[in-house]
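Engineer: What follows is a predicted structure for the sequence shown.
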Amino acid sequence: MATKRLAKRIGVMTGGGDCPGLNAVIRGVVHASKRRGWDVLGIEDATEGLVDLDFKKPHGNRWLTCQDVDRILGRGGTILGTSNRSDPFRYVVRGDDGSSREEDVSRKVVENYHKLGLDALVSIGGDGSMRIAQKFIEKGLKIVGVPKTIDQDLNGTDYTFGYHTAVQTVTDAIDRIQDTAESHDRIMVIEVMGRDAGWIALQAAIAGGAHACLIPEIPYHIDPVIDMITQRELIGHPFAVVIVAEGAKPMGGGQSFAGARQLGATQRLLGAGAKFAASIELQVSHEVRVLVLGHLQRGGSPNEFDRVLGTRYGVHAVQLIEDEKFGHMVSLRTPNMGSVPIAEAVKEPRLVDPKGQLVHAAREVGIVFGDEPRA
Ligand code: F6P
């Protein structure tokens, strides 16, 4: 009679853009696994370490002990490394002639998963990583997901971890910019991340007391923003702070990109702030300056919320494996931890509701979105 192997061997990897709290999740996974007597293989640089088992940049795949994850709770980034251009279904390979092309190498990942003797895999990532995970689930791999992203654009959970810390970073930036905007009577435009979702922009605009907020979900016209600037001048406040989400677009116009899409990657959003600034510059008497916060929003130590959320996510991911709830993503339904099928979480992106309470609250405190017609 075949005996059931009780000890498990699980893999853990971090995919997509990094964000604060990744190490807290890894630590949670390792501790909860060790309590069950399981082994945890840290996979390097998202799926890179599964496409090629010899991949080393700089460590390679490695077995993780509780000592390895000691003191990483408050560290930004990920001790495992990550990548947002390593989708095995459109992997960048170099031909003999030196040219590059995208190829489906997913078969290698499936083979290597079995070669490593893994019983399950914890995939920590955003919508892109969850979509990749779903395709591997359909190929028979046992995967549980952990929702990560500063963008907060993943459905099925109250919060993705990393979002709150990123919003705090942007809020701190707005506070500082307010000081210098006021001193110089300038219009300061801050471009923030978030891809097609305006969560970071909106939440930080409210928290930082910004005067206008342009988000992808509400295409903008410059007139209401210029009116707001004029109004502020009249009351003796000749300065303003405008938050522009990187995915924001003018009415009838498109999003701003940093060139063409690169192989293996998603087309990079950049320039929405500059585009908006250029469109108002000649219509206001102030100097207009643009600040792109960029990757500052992804780095740094996770705040208390993301440390606790990350820890709970990691621990619960192990619980899902124990319960054999594969194909599920851990999910916070405050105050409880639960799970949702990954397929459900990635069906639709989670976007700001232009008619929702958060936008309403922002409007009530005078934040202009650029969509209200001139009075
Ligand atoms: O998804 C997270 C995110 O930070 C987005 O907000 C942003 O558009 C993108 O990643 C930037 O990615 P990269 O690190 O490739 O510039």
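Structural biologist: Alright, I've got the coordinates. Numbers count the residues shown, from 1 in each chain.
Engineer: Identify the residue spatially nearest to the residue nearest the centre of the chain, adjacent ones excluded.
Structural biologist: The centroid of the chain falls nearest to Thr149 when counting by CA atoms, centre = their mean (2.3 Å). What sits nearest to Thr149 in space, not counting adjacent residues and going by CB to CB, 6 or more residues apart in numbering, is Gly126, at 3.5 Å. C-beta here means a position set from N, CA and C on the backbone, and glycine is covered the same way.
Engineer: re the thing from before, residue contacts, the residue nearest to the centre of the chain?
Structural biologist: 16-17, 19, 125-127, 160, 162-163 (CB atoms under 8 Å, 6 or more residues apart in numbering).
Engineer: Could you export those residues to JSON lines, including columns for pLDDT and secondary structure?
Structural biologist: JSON lines is the format used below for these (pLDDT from 0 to 100; DSSP: H, G, I helix; E, B strand; the rest coil):
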{"residue": "Gly16", "pLDDT": "95", "secondary structure": "coil"}
{"residue": "Gly17", "pLDDT": "96", "secondary structure": "coil"}
{"residue": "Cys19", "pLDDT": "97", "secondary structure": "coil"}
{"residue": "Gly125", "pLDDT": "98", "secondary structure": "strand"}
{"residue": "Gly126", "pLDDT": "97", "secondary structure": "coil"}
{"residue": "Asp127", "pLDDT": "96", "secondary structure": "helix"}
{"residue": "Thr160", "pLDDT": "98", "secondary structure": "coil"}
{"residue": "Gly162", "pLDDT": "98", "secondary structure": "coil"}
{"residue": "Tyr163", "pLDDT": "98", "secondary structure": "helix"}
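Engineer: for Gly310, helix, strand, or coil?
Structural biologist: Classification of Gly310 using DSSP: H, G, I helix; E, B strand; the rest coil returns helix.
Engineer: For it, give me its contacts.
Structural biologist: Residues near Gly310 by CB under 8 Å, 6+ apart: 21-25, 28, 161, 302.
Engineer: again, but for Glu372
Structural biologist: So Glu372 contacts Pro224 (CB under 8 Å, 6+ apart).
Engineer: And the pLDDT at it?
Structural biologist: With respect to pLDDT, Glu372 scores 78.
Engineer: Next one: it from the ligand, what distance?
Structural biologist: Distance from Glu372 to the ligand, counting by CB to the nearest ligand atom, to the nearest Å: 27 Å.
Engineer: Next: Leu118.
Structural biologist: Distance from Leu118 to the ligand, by CB to the nearest ligand atom: 27 Å.
Engineer: Ok, Asp223 next?
Structural biologist: Look at Asp223 and the ligand: by CB to the nearest ligand atom, they are 28 Å apart.
Engineer: What residues of the helix or strand that residue falls within count as buried?
Structural biologist: Applying DSSP states H and E as the criterion places Asp223 in helix 222-234. Residues 222, 224-226, 228-229, 232-233 are the ones in helix 222-234 that count as buried (16 or more other CB atoms under 10 Å).
Engineer: Having no further points to raise, I will conclude here.
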